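**Student:** Just the structure for this:
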Amino acid sequence: MSENAMGRRQALRGAGIAAGGVAIAGLATATPAMADDNGLSGSWMCRRQDDGSTDKIRLILSFAAGAVIVSHDISPAGPPFTGTWSKHGKWFQATFWTGFPGEQGPDSVGPTVRVRLRGSVSHGKLSATYRFTVFAPNSETQVVETGTGKLTGRRINA
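**Tutor:** Here you go, the predicted model:
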């Protein structure tokens, strides 16, 4: 990889999957109207680990009404990811994205990252596997890096 290319760790550490102590207040709250999602709505304190890495990342993963998902790495910190989620019986899936500044600074176009997550909630514990794809600047088809991982979490209570 060239010295100008973004490394996988740099992309993921800065990206945060979710992949989420800053919770996005008011974004995702559980209500009786959301009871049909088997308790998924709300925010979860999670830990994730990419396959092949010893690094464990702490994050907040929030599931909101309207099928909105927000993921935010908090330790080490990274930018938020946003996307959509859906429930399928006892399991759920989600797809969410984030972007990075380019090599010329905050106003330049950089790589983007897509995460696809599949998991379930059982006995108050969320568990999931994910696949991430890093795309070259200005592209949703030119893949720079891919990988997989696992995460687990517990609901954040108000």
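**Student:** element containing Asn138?
**Tutor:** Assignment of secondary structure by DSSP states H and E places Asn138 within no helix or strand.
**Student:** nearest residue to it other than its sequence neighbours?
**Tutor:** In this structure, Asn138 finds its nearest non-sequential neighbour in Val109, 5.5 Å apart by Cβ to Cβ, 6 or more residues apart in numbering. The way it works is simple: take the backbone N, C-alpha and C, and place the C-beta from them, glycine included.
**Student:** Would you mind measuring from the one you found to Phe135?
**Tutor:** In this view, Val109 and Phe135 are 11 Å apart by Cβ to Cβ, to the nearest Å.
**Student:** How about Ala67?
**Tutor:** Taken as Cβ to Cβ, the span from Ala67 to Phe135 is 23 Å.
**Student:** Between the two, which has more neighbouring residues?
**Tutor:** More neighbours surround Phe135 than the other of Ala67 and Phe135, with 18 against 13 (other Cβ atoms under 10 Å).
**Student:** Skipping its backbone neighbours, what lies nearest that one in space?
**Tutor:** Thr112 (4.9 Å).
**Student:** partners of whichever helix or strand that neighbour is part of in the sheet?
**Tutor:** Using DSSP H and E, Thr112 falls within strand 105-122. When pairing is defined by DSSP bridges, strand 105-122 lines up against strand 91-102 (antiparallel), strand 125-135 (antiparallel).
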